[in-house]
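K.L.:
test case, fold it:
(one chain, ligands or ions: 3)
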Amino acid sequence: MALIAILPGDGIGPEVTTEARRVLERLGLDLSFEEAPVGGAAYHAAGHPLPPATLDLARRADAILFGAVGDPTCDSLDRHLRPEQAILGLRKALTLFANLRPAKMFAGMEDASALRPEVARAIDLVIVRELNGDVYFGEKGMRTTADGLRQGYDVMSYDEAEVRRIAVAGFEAARRRRGKLCSIDKANVLETSQLWRDVVIETAADYADVTLTHMYVDNAAMQLVRDPGQFDVIVTGNLFGDILSDQASMCVGSIGLLPSAALDVAGKGLYEPIHGSAPDIAGQGKANPCAAILSAAMMLRHSLGEPAAADRIEAAVAAALASGKRTADLGGTCSTREMGDAVLAAL
Ligand SMILES: NC(=O)c1ccc[n+]([C@@H]2O[C@H](COP(=O)([O-])OP(=O)(O)OC[C@H]3O[C@@H](n4cnc5c(N)ncnc54)[C@H](O)[C@@H]3O)[C@@H](O)[C@H]2O)c1
Ligand SMILES: CC(C)[C@H](C(=O)O)[C@@H](O)C(=O)O
Ligand SMILES: [Mg+2]
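P.N.:
Ligands and ions are numbered 1, 2, ... in the order given. Reported below is the predicted structural model:
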């Protein structure tokens with residue numbers, strides 16, 4: 001029996017993971033679930049956003065279903081106690097370096113996109129975001145300059161091994177899809193990005209069947225809106241991938257639609273919607289649970305060896321949306337529970 005760690009977290013995290021769990025339970029697979037607090041919820045309960053018992057559960061589990069962390073009441077805590085440190089800590093502690101963030105247009109949803117329907121219709125891409133390095137994990141702090149000014153700093157760096165393993169993840173993903181990989185960097189300005197580009201080009205020698213291109217991140221932000229259909233697989237660093245994936249979500253209609261997988265070399269994974277705890281709508285039953293439900297599907301595919309069950313969930317989400325069921329972010333009137341019910345009904 002596979003053990004699934006459920007880490008609901010804060011804000012809408014518990015609301016959307018509840019729906020994802022209901023879908024998983026309905027499949028009749030041999031799964032067991034164990035839940036633990038994380039983020040602000042864990043800070044308030046246990047004094048730390050990632051308590052040892054939660055980390056231990058994450059290590060023991062075969063896969064992790066994560067909601068979201070973030071709590072405005074914690075924003076002035078020391079950084080190491082803030083809710084966001086829980087997700088960063090899990091990614092680092094479990095070496096979940098490869099973050100797959102697929103964005104695909106669901107049939108009939110073009111009207112929800114921020115783009116023109118004929119532009120939006122072509123979107124079928126996956127962002128492979130590096131998750132263990134970059135400016136996120138470099139030396140950081142506050143200091144005072146010689147002139148007495150307060151100065152904040154965060155060091156950006158990648159070593160070649162870190163770039164190579166995410167490049168491999170990108171090439172492998174492209175090989176399984178349409179064979180196109182676009183590496184996104186800022187090599188015209190950043191040394192970190194120059195190394196990134198050099199190592200991606202070196203790695204390409206093992207992937208003659210994949211067409212590799214490079215793009216600067218500012219152009220990529222523009223191209224993602226101008227002609228997103230040009231992208232198959234994007235591979236990029238931690239910060240650029242964070243930003244571009246939120247942007248890609250609105251191209252397909254809502255941030256409430258984008259799931260993700262964070263994987264280690266062995267395929268162990270943490271699965272979560274790309275969105276956050278959405279304090280502005282938390283507790284109102286308004287959140288779109290589709291991203292969390294689709295994250296559960298990714299979990300079945302990537303960590304649990306159940307691709308048919310994953311297909312079934314994805315088809316059910318597509319069918320529920322096609323039938324007109326939509327939460328408020330997509331212009332509809334469904335509650336989180338009603339959207340979950342619609343997916344269950346379509347399974
Ligand atoms: N992986 C994570 O846990 C994660 C990811 C992103 C942000 N955060 C945290 O979440 C908190 C809020 O951050 P934010 O407001 O910048 O980003 P957010 O993603 O929480 O919300 C951005 C906007 O999108 C809306 N939204 C998000 N998810 C939605 C859903 N499922 N259905 C409908 N609408 C949805 C929100 O209502 C909000 O208007 C912060 O503390 C941030 O650090 C956590
Ligand atoms: C909450 C935050 C640390 C996180 C990130 O920046 O990676 C979030 O934005 C995400 O996209 O998962
Ligand atoms: Mg983000």
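
K.L.:
for the one residue in the stretch 101-250 of the chain that gets nearest to ligand 2, the count of nearby residues, please.
P.N.:
Going by Cβ to the nearest ligand atom, ligand 2 is nearest to D242 of the stretch 101-250 of the chain, at 4.4 Å. Every residue, glycine included, has its C-beta placed from N, CA and C. Counted with other Cβ atoms under 10 Å, residues neighbouring D242 total 18.

K.L.:
so it is in contact with L131, correct?
P.N.:
No - between D242 and L131 there is no contact, the gap being 9.3 Å when judged by Cβ atoms under 8 Å.

K.L.:
and the helices in the protein?
P.N.:
Taking DSSP state H as the test, the helices found in the chain are 13-26, 40-46, 52-60, 84-93, 117-120, 160-176, 191-203, 217-226, 238-251, 290-302, 307-322, 336-346.

K.L.:
could these go into JSON lines alongside mean pLDDT?
P.N.:
As requested, these are exported to JSON lines (pLDDT from 0 to 100):
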{"stretch": "helix 13-26", "mean pLDDT": "98"}
{"stretch": "helix 40-46", "mean pLDDT": "97"}
{"stretch": "helix 52-60", "mean pLDDT": "98"}
{"stretch": "helix 84-93", "mean pLDDT": "98"}
{"stretch": "helix 117-120", "mean pLDDT": "96"}
{"stretch": "helix 160-176", "mean pLDDT": "98"}
{"stretch": "helix 191-203", "mean pLDDT": "98"}
{"stretch": "helix 217-226", "mean pLDDT": "98"}
{"stretch": "helix 238-251", "mean pLDDT": "98"}
{"stretch": "helix 290-302", "mean pLDDT": "98"}
{"stretch": "helix 307-322", "mean pLDDT": "98"}
{"stretch": "helix 336-346", "mean pLDDT": "98"}
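
K.L.:
how far away is the residue of the stretch 101-250 of the chain closest to ligand 2 from Y207?
P.N.:
25 Å (Cβ to Cβ, to the nearest Å).

K.L.:
show me what contacts the residue of the chain positioned farthest from its centre?
P.N.:
Each residue of the chain has a distance to the centre, and by Cα atoms, centre = their mean the biggest one is for D147: 41.0 Å. By Cβ atoms under 8 Å, 6 or more residues apart in numbering, the contact set of D147 is empty.

K.L.:
flag every residue of this protein that's near ligand 2.
P.N.:
84, 87-88, 242, 274, 276 (Cβ under 6 Å from any ligand atom).

K.L.:
give the buried residues for stretch 127-144.
P.N.:
127-137 (16 or more other Cβ atoms under 10 Å).

K.L.:
would you turn those into JSON lines with distance to M250 and pLDDT?
P.N.:
Conversion of these to JSON lines gives the following (distance: Cβ to Cβ, whole Å; pLDDT from 0 to 100):
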{"residue": "I127", "distance to M250": "14", "pLDDT": "98"}
{"residue": "V128", "distance to M250": "20", "pLDDT": "98"}
{"residue": "R129", "distance to M250": "17", "pLDDT": "98"}
{"residue": "E130", "distance to M250": "22", "pLDDT": "98"}
{"residue": "L131", "distance to M250": "22", "pLDDT": "98"}
{"residue": "N132", "distance to M250": "27", "pLDDT": "98"}
{"residue": "G133", "distance to M250": "27", "pLDDT": "98"}
{"residue": "D134", "distance to M250": "23", "pLDDT": "98"}
{"residue": "V135", "distance to M250": "24", "pLDDT": "98"}
{"residue": "Y136", "distance to M250": "23", "pLDDT": "98"}
{"residue": "F137", "distance to M250": "27", "pLDDT": "98"}
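
K.L.:
close to ligand 1: what parts of the stretch 201-347 of the chain are there?
P.N.:
Checking the stretch 201-347 of the chain against ligand 1 by Cβ under 6 Å from any ligand atom, the hits are 255-256, 272, 275-281, 287-288, 291, 329.

K.L.:
buried subset of those residues, written for PyMOL?
P.N.:
In PyMOL, this line selects whichever of those come out buried by 16+ other Cβ under 10 Å:
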select buried, resi 255+256+272+275+276+277+278+281+287+288+291+329
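
K.L.:
for ligand 1, see how far away the closest residue to V199 other than its chain neighbours is.
P.N.:
Closest residue in space to V199, ignoring its immediate chain neighbours: V163 at 4.0 Å, by Cβ to Cβ, 6 or more residues apart in numbering. Look at V163 and ligand 1: by Cβ to the nearest ligand atom, to the nearest Å, they are 23 Å apart.

K.L.:
thought V163 was touching V200?
P.N.:
Yes - using Cβ under 8 Å, V163 is in contact with V200, at 6.8 Å.

K.L.:
quick one: which of those two has more around it?
P.N.:
With neighbours defined as other Cβ under 10 Å, V163 and V200 compare such that V163 has more, 26 against 23.

K.L.:
so who does the more buried one touch?
P.N.:
130, 195-196, 199-200.

K.L.:
what's the most distant pair in these?
P.N.:
E130 and L195 (12.5 Å; Cβ to Cβ).

K.L.:
any residues in contact with both of the two?
P.N.:
158, 163.

K.L.:
go through stretch 68-86 and flag the buried ones.
P.N.:
Result for stretch 68-86 [16+ other Cβ under 10 Å]: buried residues 68-71, 74, 82-86.

K.L.:
any idea how far apart the tips of that stretch sit?
P.N.:
10 Å (Cα to Cα, to the nearest Å).
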